[in-house]
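*Asks:* Fold the following.
(one chain, ligands or ions: 2)
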Amino acid sequence: MTALIDVRGLTRTFGTGSHAIRAIDDLDFRVDRGEFVAIVGSSGSGKSTLMNMLGCLDQPTSGSYHLAGVDVGELSDRRRAGLRSRTIGFVFQSFHLLPHNSVVENVMLSEVYRRGPRAGRRERAEAALELVGLSHRLEQVPTTLSGGERQRVAVARALLGQPPLLLCDEPTGNLDSTTTASVLGLIEEIHRAGQTVVMITHEHDVAARAGRIVEMADGQVVAA
Ligand SMILES: Nc1ncnc2c1ncn2[C@@H]1O[C@H](COP(=O)(O)OP(=O)(O)OP(=O)(O)O)[C@@H](O)[C@H]1O
Ligand SMILES: [Mg+2]
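*Replies:* Ligands and ions are numbered 1, 2, ... in the order given. A predicted model of the protein is given here:
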């Protein structure tokens, strides 16, 4: 097995002096290609901070991060953004959809960022939306959707272009049990199709769906 994610001695500090918070504290973390890993831990334990760094959205104060064999810390901003858009799909609690674009446009846009081929883009977006059960909502704008429907748009968007890594931060946090089951089913399908999944969750029955559970406390991995 080869590592898709290889994090060593990672530290992320916020603020300075006596107010400094060590959100991530000398953390080692590795995920092999094809794994489905759940990250659990109490509120404030550093899960989202870690996820932001895994997603190349934030940079560590110190330590190293290799993504698909590439040392992320060595890249220019432009190359890091390129690696992110080619490699990672996001389903984040706080990852907003563009409010003035239709559902199908929101999904198509992920391929624009990913520089996927233009031909067939709309058809691929519609197919991804069919998979998440939203074929009847293609032309609506996100503000007219329910929370669960919006999250399913985010899953469809993350699916497009089949990025090797799917990062999810509380993907079912705001959903009822039926919608949770359908979003989790989709994530499992993505994993079965060969993509690597890392998912943060508070819910233990959600975490139990993963192949491996990693527990965080005080910015460190305490159990894996
Ligand atoms: N931008 C920031 N500035 C200052 N402190 C921050 C910042 N982001 C996170 N922190 C702090 O880092 C710690 C870890 O936060 P993080 O968001 O990673 O926790 P979490 O495990 O995701 O929690 P939750 O389960 O509530 O989402 C917290 O104490 C938080 O206050
Ligand atoms: Mg969080």
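
*Asks:* Downstream of the lengthiest helix in the chain, the next helix or strand is which one?
*Replies:* Once the chain is assigned using DSSP state H, the helix that runs over the most residues is helix 177-192. With elements assigned by DSSP states H and E, the helix or strand that comes after helix 177-192 is strand 196-200.

*Asks:* mind listing what that next one pairs with, with the direction of each?
*Replies:* Applying DSSP bridges, strand 196-200 is found paired with strand 36-41 (parallel), strand 165-169 (parallel).

*Asks:* what's the following helix or strand past it packed up against?
*Replies:* Next along the chain after strand 196-200, taking DSSP H and E as the criterion, comes helix 204-207. Other elements packing on helix 204-207 under the criterion 3 or more C-beta pairs under 8 Å, 6 or more residues apart in numbering; DSSP states H and E are strand 36-41. Glycine gets a C-beta too; all of them are placed from N, C-alpha and C.

*Asks:* Alpha carbons only: can I get the strand it packs on in CSV?
*Replies:* Extracted in CSV, the C-alpha atoms of strand 36-41 (Å, rounded to 0.1, in the frame of the first residue of the first chain):
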residue,chain,number,x,y,z
PHE,A,36,-12.0,5.0,4.4
VAL,A,37,-11.0,6.7,7.6
ALA,A,38,-13.2,8.4,10.2
ILE,A,39,-11.8,11.0,12.5
VAL,A,40,-13.6,11.4,15.8
GLY,A,41,-12.8,13.5,18.9
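
*Asks:* Setting the sequence-adjacent residues aside, check what's closest to Ser62.
*Replies:* Thr11 (4.8 Å; C-beta to C-beta, 6 or more residues apart in numbering).

*Asks:* Does the one you found touch Pro60 like I think?
*Replies:* Yes. With contact defined as C-beta atoms under 8 Å, Thr11 counts as touching Pro60 (6.2 Å).

*Asks:* Please identify which of those two sits among more neighbours.
*Replies:* Pro60 (20 against 15; other C-beta atoms under 10 Å).

*Asks:* Got the phi and psi for the more buried one?
*Replies:* phi -70, psi 160 (degrees, to the nearest 10).

*Asks:* From ligand 1, how far out is it?
*Replies:* Note on Pro60: its distance to ligand 1, by C-beta to the nearest ligand atom, to the nearest Å, is 13 Å.

*Asks:* which residues touch that residue?
*Replies:* Leu10, Thr11, Arg12, Ile24, Met53, Gly73 (C-beta atoms under 8 Å, 6 or more residues apart in numbering).

*Asks:* which of the strands paired with strand 196-200 is buried the deepest?
*Replies:* strand 165-169 (a mean of 24; mean count of other C-beta atoms under 10 Å).

*Asks:* Could I have the CA atoms of that one written out in PDB?
*Replies:* Listed next in PDB are the C-alpha coordinates belonging to strand 165-169 (Å, rounded to 0.1, in the frame of the first residue of the first chain):
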ATOM      1  CA  LEU A 165      -9.400  12.000  -2.200                       C
ATOM      2  CA  LEU A 166     -12.700  12.900  -0.700                       C
ATOM      3  CA  LEU A 167     -12.500  15.000   2.500                       C
ATOM      4  CA  CYS A 168     -15.700  15.300   4.600                       C
ATOM      5  CA  ASP A 169     -16.200  17.400   7.700                       C
END
